[in-house]
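K.L.:
Whatever this is, show me its structure:
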Amino acid sequence: MIVSAPGKIVLWGEYAVLAGAPAAVMAVNRRALVHLERTQGTRQFTSQGFLTPGIHKASSTFSNAPAAAIAETILRLWGYNELPENLAVHSDSRAFHDARGNKLGLGSSAAVCTATYIALTKWLNRPAIEAEAIAAHRAFQGGHGSGLDVAASWHGGIIRFSQGSSTPWSWPADLYWQVVWTRRATITQDSLADFHVSDHSVHLERLSQSATSLFKSPDLAGLSEYVDRLKSLDVVAGLNIFTPEHCHLNEIAQRYGLLYKPCGAGGGDIGLACGEDPGAVQDFARAAAAGNFIPLDLEIAQDGVTPG
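P.N.:
Presented below is the predicted three-dimensional model:
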């Protein structure tokens, strides 16, 4: 049994979504693969790309093997105290890394979790429940996260996500975009570890207002306001969203009349440049590459998690 799930980028709504505001999330055409198969008397976990690559054999109780971590989290959520017998779980998230194995920041853990969850529900003949998959990924991340990344992997396309609920949404046809990797990898749970919504209610309220308004009028002016308010939150909360790399990419984007923003928790990973002139977006991509950044060839993944 093989299951695949796409990655994601956050168009807007990062951090605001933690306060209940809606976020726009796009599933992208980098997919994690999870393969379940029967073995002869052993339990085996193979990981390529995600966590610690390699092959790990487990005893009848849960092991500390990194490749088993997500499967273990899901099974514990269901009340299992040991692994199913004669089970091999192979996960492959190399599409979420560069040639040297560096993480790009496209939601690899959520994609692997979503694909593993669906595979295990089919293996154990259990119902597939999106909220349960979100809960499993949140538990895997130490209790952090809104669930938007799992929702994107689950549904595909572009979604409006708020408080566990997703509805389809469409990116404006007259806005062109380019995603760029900063060459600095970051870990989302580390970015969120010391962030508490209650400590920044005023700035989050303003950010939430902008995020909500963008769904009514998705234009560059509204997105610019959102980015300004995200910067204000960054300053007061000390989140380091706008790293020197993101600031440099912002300068390049401004040179071509484009708007630029970090995507997701920030601190590195990826950013998004967008504008109404497709030629300017192409020029930005070339200039970013010349500046030692990596433009990513991404498309919207219309299909969410898919059993193969």
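K.L.:
can you pull the pLDDT of residue 230?
P.N.:
Here the pLDDT value assigned to residue 230 is 96.
K.L.:
Grab the nearest non-local neighbour of it.
P.N.:
residue 207 (6.2 Å; Cβ to Cβ, 6 or more residues apart in numbering). Quick note: C-beta positions are derived from backbone N, CA and C, even for glycine.
K.L.:
Same check on residue 110?
P.N.:
residue 149 is the one closest to residue 110 (Cβ to Cβ, 6+ apart), at 3.6 Å.
K.L.:
shouldn't that neighbour be in contact with residue 107?
P.N.:
Yes. Between residue 149 and residue 107 there is a contact at 4.2 Å, judged by Cβ atoms under 8 Å.
K.L.:
Please identify which of these two sits among more neighbours.
P.N.:
Comparing residue 149 with residue 107 by other Cβ atoms under 10 Å, the one with more neighbours is residue 107, at 32 against 29.
K.L.:
how about that one, what does it touch?
P.N.:
7, 8, 9, 96, 149, 152, 153 (Cβ atoms under 8 Å, 6 or more residues apart in numbering).
K.L.:
Burial check on the second one, number of neighbours?
P.N.:
Other residues within reach of residue 8, judged by other Cβ under 10 Å, total 30.
K.L.:
That one and residue 37: what is the separation?
P.N.:
Between residue 8 and residue 37 the distance is 28 Å, computed by Cβ to Cβ, to the nearest Å.
K.L.:
what residues does the one helix or strand the residue nearest to residue 230 maps to touch?
P.N.:
Using DSSP states H and E, the element containing residue 207 is helix 201-216. Outside of helix 201-216, the residues within contact range by Cβ under 8 Å, 6+ apart are 12-13, 15-24, 160, 169, 197, 222-223, 225-226, 229-230, 232-233, 236-237.
K.L.:
any idea how far the residue nearest to residue 230 is from residue 73?
P.N.:
On the measure of Cβ to Cβ, residue 207 and residue 73 end up 30 Å apart.
K.L.:
Give me the more crowded residue out of those two.
P.N.:
Taking other Cβ under 10 Å, residue 207 and residue 73 do not tie; residue 207 has more neighbours (27 against 20).
K.L.:
tell me what whichever strand or helix holds residue 285 is packed against?
P.N.:
Per DSSP H and E: residue 285 is located in helix 278-290. For helix 278-290, the contact count by 3 or more Cβ pairs under 8 Å, 6 or more residues apart in numbering; DSSP states H and E identifies strand 176-181, helix 244-255, strand 270-275, strand 294-296 as packing neighbours.
K.L.:
Quick one: closest of these to residue 77.
P.N.:
Residue 77 lies closest, by Cβ to Cβ, to one member of those: strand 270-275, at 29.4 Å.
K.L.:
what does the closest one contact?
P.N.:
9, 11, 104-106, 175-182, 220, 223, 246, 249-250, 252-253, 256-264, 281, 284, 288, 296.
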